[in-house]
Each structure stands twice: as C-alpha cells, then as structure tokens.
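# please work out how this folds:
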Amino acid sequence: MTRPTRQRDHDRQRVGDEDAEEDEIDVEDVDELDPEDFDPEDLTRTADGELIHEETGMIIEDEQIDPGPEWRAFNHSERQSKSRVGAPTTKTMHDKGLTTTIDWKDKDAYGRSISSKKRSQMHRLRKWQERIRTKDAGERNLQFALSEIDRMASALGVPRSVREVASVIYRRALNEDLIRGRSIEGVSTAALYAACRKEGIPRSLEEISEVSRVDRKEIGRTYRYISQELGLEMRPVDPKKYVPRFSSELELSEEVQSKANEIIETTAEQGLLSGKSPTGYAAAAIYAASLLCNEKKTQREVADVAQVTEVTIRNRYQEQIEAMGIHS
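This next block holds a predicted model:
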C-alpha cells in the first residue's frame, strides 16, 4: 500500500529541512574549529596551491607565491631575450659557476668596435679577472682537477651527469684530505672512473687510462683507495652494459646483441662470471653470438674493440659454450 502523493511530498520537505539544519550546524562548527588542531594527513594541497581540510572543506592556506618571472614568453628565443639570470650553479667549476666572464670580443653593447686604448684596457681586465678567480693554491689545484675531469669526460663521450658526479666525488676526496701524497691527475681520473660506474655508464680501466695522463695501475690503486675511504657503494659491473657499445662498433645486428645477452645471463646464473673481467666476458659472449647468428667476427676484431687479449676471449668463449651445452 502506498502513501498519498501529498503525504510523500510532506515527508521529503521535512527530511530536507532536517538536512539543512544539520548543514547549518556543520558550518557553525567549522567556524569554531582551530586549523592547528587538524591532523596533517587530512590536509590536501590542490593544483592551485590551496591547502584544504578534506572533511570540512576549510581552506587553511590560500596565499601562494609565484616563484616564476614577472614576464611571459611563448617560445625559446623570447625566453632567452627576456631572461636576466645566468646559467645554474654547477660542481664542475671550482667557483660553482658564480663568477664574472669578460667577453673576448672587442666590441661595445651596440656591436661597434672599441678604440685601441679601450682594447688594451679590456685585455688587462681579462688578465686580472683570470688571476683573481682563484685566491690560493688550493683553488688553483681544484680548478686544474675539474678541468682534467672535463677534458677526459669529453674524450670518453660520457654525459654531463657523469661529470657532475665525478666533480662531487673529487670534492669529497679533497675535503677528506685524501689527495695528500697522490697526484691530482690520478685522483681526478679515479673519480671519473667511479662516476662512470655509479651512473651505469661503464668504461674499462684501459679506456680511462688512454685519455688520462697516469697509467692504469695508479688509476686502479687510487680508485680502490678513495672508494674505500669515501664508502662508495659500487656494485659489480654488469657485462651486458658493454654489449650495445661493442656491438655497435663491430656493426653487428640486434639479433647478435640479444643472443650475447642471453649467453651472459645463462652462464652468469651458473657462476661463471665470478672473478672474471666484465669486458672480456662481454667480448667473448659477442664473439660466440656472432658465430651462432652467422655474422662471424674474428677474435682479433672483437679483442681490439673490447681492449682485451685474444687469449681472454678464447678462454671465456670455451667456458661459455660448454655451459650453454653448445659444441664448437
């Protein structure tokens, strides 16, 4: 049995009035609430920067600071022309990039050539600017070390992030007084080698020593020392990280790369990688994969690219094909 329509409408109106009264009570309660009593987990930051309380809807903070510039730009050239700041600070420079640079062009702000008297004056200013950039021998040594890191990183073709990490490692070694009794070139090269490993862009000691002014033994000795003293957590280098670069230099297909990675994974699970050089291990896997995929490369060619001996490739190759159950 259903109630008459007039009765149902009356009931709805009464329920609506009760909800309105509850809402009014809630609003009064919200006005009496102290924002400091709210649980921080119940507060939410909106996309507009407002901080609100989810349960009550109270706005705690509505004044947001815009850290951006006061001007607007719609393309890169506009941003460049309107920007009034320099490059960001960097650890790759001894003064972190907070310096003044005097342009080498002998022209004024309008692009016109300056007089000979002004040219000689600017020449003296540039000379003194270079002198006062370093206040003592310590800063001069740091400047030399960071320039060495930059030079070697450019020669190796590693990204900017590796240079930043290498500069931070060198600065830490300098603060811990680990440079004393060692050559600046040796420590800076060891820092670069450590940075390459940390960033997952491995370069072998042979490759590093080729662009360095110190020999391989000193680099390895210094690297072990600073790694231990600074507590650098270095995981063993994965041979698979060498495969793309070596395969590219040998002009091998992706099929060979995939097969080489498969060989490395399968044989490493059997414990063959323990105590082996990752470059030699990767080179042997690439050699084996090239034979299996009918893209044969000689041991000499692979050895030259990986900078290992043919004997190393032969030994690792025999171990790998036996572990894979392949008969040569």
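
# now the residue nearest the centre of the chain: phi and psi?
The chain has residue 161 as the residue nearest its centroid, 4.1 Å off, counting by C-alpha atoms, centre = their mean. Backbone dihedrals for residue 161, given as degrees, to the nearest 10, come out at phi -60, psi -30.

# which ones are touching it?
Residue 161 sits next to residue 199 when contact means C-beta atoms under 8 Å, 6 or more residues apart in numbering. C-betas here are computed from N, CA, C, even on glycine.

# cool, and residue 206?
Residue 206 touches 216, 279, 307, counting by C-beta under 8 Å, 6+ apart.

# equivalent analysis for residue 229, please.
173, 176, 178.

# state the pLDDT value of the last one.
Put plainly, it is residue 178. On pLDDT, residue 178 comes in at 92.

# begin at 9 from here
All set: I'll call the first residue 9, so the last point we hit is now residue 186.

# so who does it touch?
Each residue near residue 186 by C-beta under 8 Å, 6+ apart is listed here: 195, 233-234, 237-238.

# what's the spacing between residue 248 and residue 140?
49 Å (C-beta to C-beta, to the nearest Å).

# what about the two, which has more around it?
residue 248 (18 against 10; other C-beta atoms under 10 Å).

# that one touches residue 290, doesn't it?
Yes - the pair residue 248 / residue 290 is scored as a contact, 7.1 Å apart, by C-beta atoms under 8 Å.

# residues shared between the contacts of these two?
Shared contacts of residue 248 and residue 290 (C-beta under 8 Å, 6+ apart): residue 272.

# rounded mean pLDDT for the helix or strand residue 232 falls within, please.
For residue 232, the host element (DSSP states H and E) is helix 224-238. In this model, helix 224-238 has a mean pLDDT of 92.

# need the nearest residue in space to residue 273, chain neighbours excluded.
residue 248 (7.6 Å; C-beta to C-beta, 6 or more residues apart in numbering).

# okay, the closest residue in space to residue 184 that isn't next to it in sequence and residue 247: tell me how far apart.
Nearest-residue entry for residue 184: residue 237, 6.3 Å, with adjacent residues in sequence omitted and distances by C-beta to C-beta, 6+ apart. As judged by C-beta to C-beta, residue 237 and residue 247 stand 28 Å apart.

# same question for residue 91.
Applying C-beta to C-beta to residue 91 and residue 247 gives a distance of 45 Å.

# also residue 184?
As for residue 184, its distance to residue 247 is 32 Å (criterion: C-beta to C-beta).

# secondary structure element holding residue 180?
Going by DSSP H and E, residue 180 is part of helix 168-183.

# so that helix versus helix 224-238, what angle?
Angle, helix 168-183 to helix 224-238, by axes from the mean of the first three to the mean of the last three C-alpha atoms, to 10 degrees: 70 degrees.

# for helix 168-183, buried residues please.
Neighbour counts over helix 168-183 (16 or more other C-beta atoms under 10 Å) mark 170-175, 177-182 as buried.

# got the domain ranges for the protein?
93-115+122-243, 247-332 (the TED database).

# which one of the ones you listed lies nearest to residue 62?
Residue 62 lies closest to domain 93-115+122-243 among these, at 37.1 Å (C-beta to C-beta).

# and the closest one, end to end?
By C-alpha to C-alpha, to the nearest Å, the extent of domain 93-115+122-243 from end to end equals 40 Å.

# low-confidence regions, the stretch 9-158 of the chain specifically.
Low-confidence segments of the stretch 9-158 of the chain (pLDDT under 70): 9-41, 43, 55-56, 71-74.

# that one: strands as residue ranges?
Per DSSP state E, counting those that start in this stretch, the stretch 9-158 of the chain carries strands over the ranges 51-53, 59-61, 67-69.

# Serialize the buried residues of helix 168-183 to a markdown table and add fields for pLDDT and distance to residue 214.
Below are the buried residues of helix 168-183 laid out as a markdown table (pLDDT from 0 to 100; distance: C-beta to C-beta, whole Å):
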| residue | pLDDT | distance to residue 214 |
| --- | --- | --- |
| 170 | 93 | 18 |
| 171 | 94 | 21 |
| 172 | 94 | 24 |
| 173 | 94 | 21 |
| 174 | 95 | 18 |
| 175 | 94 | 23 |
| 177 | 94 | 21 |
| 178 | 95 | 22 |
| 179 | 94 | 27 |
| 180 | 93 | 26 |
| 181 | 93 | 23 |
| 182 | 92 | 27 |
